[in-house]
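# Here you go, sequence then predicted model.
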Amino acid sequence: MCQVRLGEFVKEISTSPNSVNFTAMANILVVHCQSQDRLTQHTALQWVNGFIALAGRRMLPLCAGFLTAILPCVAYHDRQDVRDVAIAANQALMKLITAEDDHMDLNYLKRYDPEFRRAVNRSSHTSSELESNNSVDMSPMSSELQPVIEVLTLQLLNKSVETRVAVLRWMLNLHDRLPKKMFLLADQLFPVLLSSLSDASEEVVLLDLEVIAEVSSSSAEAVIVAFRAAASQQHSPEASPPTTPGSRRRKKGKNASNGAEVQATGGTARRDGLEAAAPLKAATKNNLTMYFTKFMTNLVSLFSTDRQLLEDRGPFIIRQLCLLLDPKDIYCAFAEILLQEEDLKFASTMVRNLNMILMTSVELFKLRNELRDLKTKDSVDLFCTLYHSWSHNPVATVSVCFLTQTYKHACNLICKFGELNVSAVMLAEIDKLVQLMESPVFVYLRLQLLEPDRHHHLIKALYGLLMLLPQSAAFTTLQHRLSCVPTTKQASFESRVGKATTSERDRLLMGVDFDGLLRHFETVQVKHSEEARRTLLKERQV
């Protein structure tokens, strides 16, 4: 009887949807969607799905309430019928949001952006001037996005993997459709996104990194910065803010005729003030957002406090980041941050992991080739940037010199190993380096052994490693490799070096202060020795 009555009610609603008060009924449905009774829950979700189909975008103001009811249900494996309806309702609700909802004017910024309000207060524009010159944003998602974000951040803590995945897909969808409005709310999302990197589910971590990459490379910051600049200057707020080429998505857009509204535009711009950390050079140079700096700084801090996460998930997280963003930006950011790291032991561990990823990961193939060739000033600058941080780990420093074919400097570094505390850990790392040199990554290096007259510094460096190694499998491997070098040319390498034309690579390397790099390496290693001595004294005192 009840089902019949409900069916008749649905037919009546379908015939005249414009006269129906969906809001009043929707609140009732949200409550029943969380019912413990299976039939009640299933029926309520079906009605929600029907309301979304009938009312369309009029349901957007109720989005937060619907998500509270729908998201937990997508994980109900024991109630497959409820789960199927919940997934359908979730997808239908997601499709209602369009790029038109990203309409943003000065009044919207004044309401939702604290920094913009401060800029307005410092300028000569009064609130009445802004209100008279710019229309209020009346899109369905104008004021309802805040509660939606609150629901999503809460549901991201749900114990169900399916619910957390659905939440992150919502965040990606919102960043795609509403980049400017989502950028204003990024501060609320960032803490929970960082904590999700420790999630046990690989799928959750992957999607989490995608959302972080969206925030870090968002083209929306340029528009918001332009509005802030317009408010802080004594110029008309009707001036159209400039746009610049987009960073990752390369979206195209245009300014509204009055300049108060900017639709989905491409562009990034550096934010001058940053509360958590100073902007990284990589972020500034490549027009990444302030959140790239914040994320990379917090990621290093997270790895520092959770070493197990670094060992278990660190390589996975770093490789995925290199797929989502430019690997050069990622590595330059790590290098800048680690250069200031006070925990020297952690810095050495981090460099060792970064170096192994650099040498072996498919995701960094292009970056390896760029470092190997060193044909541009940018690639030489990248080598120098990495070198300064790689100095925390002597073996990693030598390996990056092998990668960049700076063999003479590698020789000088290995000669300095005699002044260092060559521990069992360092010998194990040399062992791994020898194994790495037998991998496809260093095919070019092994082929260069066929020309000892041109690459005598390489052979000397390899013999240096051989002398450092104890009698082990790695020693035997390297000894056998060196025995393959043409014997007729092993003597008097220096006298056999012929005159060669200066290539672009040679010209660029002439500008590198290798003596300065070597002094920096020595300085960093002295700090490590002093830290090791202090640690030893503390252990003895205990």
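It's in.

# Pretty sure residue 529 sits against residue 419.
No: assessed by CB atoms under 8 Å, residue 529 is found out of contact with residue 419, at 9.4 Å. C-beta: built from backbone N, CA, C; applies to glycine.

# which other residues reach stretch 327-342?
The contact list for stretch 327-342 (CB atoms under 8 Å, 6 or more residues apart in numbering) reads 280-283, 286, 288, 292-293, 296-297, 300, 304, 318, 321-322, 347, 350-351, 354, 358, 363-364, 366-367, 370, 382, 385-386, 388-390, 392.

# out of these, which are buried?
Among these, those classed as buried by 16 or more other CB atoms under 10 Å are 280-283, 286, 288, 292-293, 296-297, 300, 304, 318, 321-322, 347, 350-351, 354, 358, 363-364, 367, 370, 382, 385-386, 388-390, 392.

# Pull out the buried positions in the longest helix along the chain.
Secondary structure of the chain per DSSP state H: the longest helix is helix 514-541. For helix 514-541, the neighbour count (16+ other CB under 10 Å) marks 514, 517-518, 520-521, 524-525, 528 as buried.

# what packs against that helix?
Applying 3 or more CB pairs under 8 Å, 6 or more residues apart in numbering; DSSP states H and E, we find helix 514-541 packed against helix 344-360, helix 377-390, helix 394-403, helix 407-416.

# now the ones you listed as JSON lines including mean pLDDT?
What follows is the helices and strands packed on helix 514-541, written out as JSON lines (pLDDT from 0 to 100):
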{"stretch": "helix 344-360", "mean pLDDT": "96"}
{"stretch": "helix 377-390", "mean pLDDT": "96"}
{"stretch": "helix 394-403", "mean pLDDT": "97"}
{"stretch": "helix 407-416", "mean pLDDT": "96"}
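
# for these, which one sits closest to residue 151?
helix 344-360 (36.1 Å; CB to CB).

# count of neighbours near residue 394?
24 (other CB atoms under 10 Å).

# who's in contact with it?
Residue 394 touches 413, 416-417, 420, 426, 521, 525, counting by CB under 8 Å, 6+ apart.

# where in the stretch 401-542 of the chain is pLDDT low?
Residue ranges of the stretch 401-542 of the chain with pLDDT under 70: 488-501, 542.

# before we move on, back to that, quick one, which of the helices and strands packed on helix 514-541 is packed in tightest?
Among these, helix 394-403 has the highest mean neighbour count (mean count of other CB atoms under 10 Å), at a mean of 24.

# got the angle between that one and helix 514-541?
Here helix 394-403 runs at an angle of 160 degrees relative to helix 514-541 (axes from the mean of the first three to the mean of the last three CA atoms, to 10 degrees).

# what's the neighbour count on residue 369?
12.

# State the distance from it to residue 29.
According to CB to CB, to the nearest Å, residue 369 stands 57 Å off from residue 29.

# Over to residue 541?
Noted for residue 541: a distance of 67 Å to residue 29, by CB to CB.

# same deal with residue 463?
As judged by CB to CB, residue 463 and residue 29 stand 77 Å apart.

# between these two, who's got more neighbours?
residue 29 (21 against 16).

# helix/strand/coil for that one?
The three-state assignment at residue 29 reads helix, by DSSP: H, G, I helix; E, B strand; the rest coil.

# now swap in residue 341 and tell me
Residue 341 ends up coil, using three-state DSSP.

# neighbours of it, just the number please.
18.

# what's the answer for residue 172, then?
Neighbour count of residue 172, defined by other CB under 10 Å: 15.

# Report the mean per-residue pLDDT for the strand or helix carrying it.
Applying DSSP states H and E as the criterion places residue 172 in helix 161-177. For helix 161-177, mean pLDDT rounds to 95.

# circling back to that earlier point, now do the longest helix of the chain against helix 407-416, angle only.
Per the same axes, to 10 degrees, the angle that helix 514-541 makes with helix 407-416 is 30 degrees.

# Just want the angle from helix 514-541 to helix 377-390.
Using the same axes, to 10 degrees: helix 514-541 against helix 377-390 is 20 degrees.

# separation between residue 115 and residue 183?
In terms of CB to CB, residue 115 sits 12 Å off from residue 183.
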